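Enquirer: quick one, fold the following:
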Amino acid sequence: MRGYSNRRAQIVPTRNWFYCWMCRLLLERVTTFCSWRNAIDGIPNAKLKIEFSERGGMSYSQFRAYLQWIRLQSQGNALFLKRDLDWSVIDTALIEAFGHRSRAGLQLADVVASSFYQAVDLKSDGTCRPHFAKALKPRMAFDSSKNIADFGVKAMPSPLWKAGLTDTQKEIFEFYGYRTER
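Expert: Predicted coordinates:
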């Protein structure tokens, strides 16, 4: 996302617009998955508990307000992005922040994020290390058509060719089903 700009996301009334926007992209998929699991498990009213790792400068009350702002856009059919959150599993009262070391789930999230970071971050010799991110494939969420691309793995910007990736960086996205050329 280096050098990428999203003017619409930047007008969000929060000082952490980029973090909020990234969380929104993630929650679009997570809430769809949780709603799907609720239907399979026969638990129609189960809510998603969203846990963040505490980090300096992040306002979780602002994130809650951001979600309310997105919900209003959703209700008014005014969303810019084609995908919406599944609001049936969202309860903003269930958003909390914890110390990183106190929650194993937060540490697991860091493992996944680090794996994908290593897969796209160019080393000084022009290589990336995609093997850790590839090893996660059996655990990746997929949509109703069994596609991981754009569901279990979300690439931005979209379409991906706009990112100007090197051939080495493209490897992980192609592995998960993305087209990286026009």
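
Enquirer: name the element the closest residue to Ser114 other than its chain neighbours belongs to?
Expert: Spatial nearest neighbour of Ser114, chain neighbours left out: Phe132 (7.6 Å); criterion: C-beta to C-beta, 6 or more residues apart in numbering. All C-beta spots, glycine's among them, are computed from the backbone N, C-alpha and C. Assigned by DSSP states H and E, Phe132 belongs to helix 131-135.

Enquirer: was I right about Met140 contacting Ile172?
Expert: No. With contacts counted by C-beta atoms under 8 Å, Met140 stays clear of Ile172, the gap being 11.8 Å.

Enquirer: okay, those two: which has more neighbours?
Expert: The residue with more neighbours, out of Met140 and Ile172 and counting by other C-beta atoms under 10 Å, is Ile172; that gives 24 against 14.

Enquirer: who's in contact with the more buried one?
Expert: 116, 119-120, 128, 130, 133-134 (C-beta atoms under 8 Å, 6 or more residues apart in numbering).

Enquirer: now, the most widely separated pair of these?
Expert: Checked with C-beta to C-beta, the contacts of Ile172 reach their widest spread between Val120 and Lys134, with 12.4 Å between them.

Enquirer: wait, Arg24 sits on Tyr66?
Expert: Yes. Arg24 sits in contact with Tyr66 when judged by C-beta under 8 Å, with a separation of 7.5 Å.

Enquirer: contacts only, for Gly75.
Expert: Not Gly; residue 75 is Gln. Gln75 sits next to no residue when contact means C-beta under 8 Å, 6+ apart.

Enquirer: out of the helices and strands in this protein, which is least certain?
Expert: The weakest-scoring helix or strand in the chain, judged by mean pLDDT, DSSP states H and E, is helix 7-10 (a mean of 65).

Enquirer: helices and strands around the longest helix along the chain, which ones?
Expert: Ordering each helix of the chain by length in residues (DSSP state H) puts helix 17-41 first. In this structure, helix 17-41 packs against helix 7-10, helix 60-75, with contacts taken as 3 or more C-beta pairs under 8 Å, 6 or more residues apart in numbering; DSSP states H and E.

Enquirer: hmm, who's touching that helix?
Expert: With contact meaning C-beta under 8 Å, 6+ apart, helix 17-41 is reached by 6, 9-12, 14, 44-46, 48, 50, 58, 62-63, 66-67, 70, 81, 83-90, 141, 151-152, 154, 156.

Enquirer: are any of these buried, and if so which?
Expert: Buried members of the contacts of helix 17-41, scored by 16 or more other C-beta atoms under 10 Å, are 9, 12, 14, 48, 50, 58, 62-63, 66-67, 70, 84-86, 89-90, 151-152, 154.
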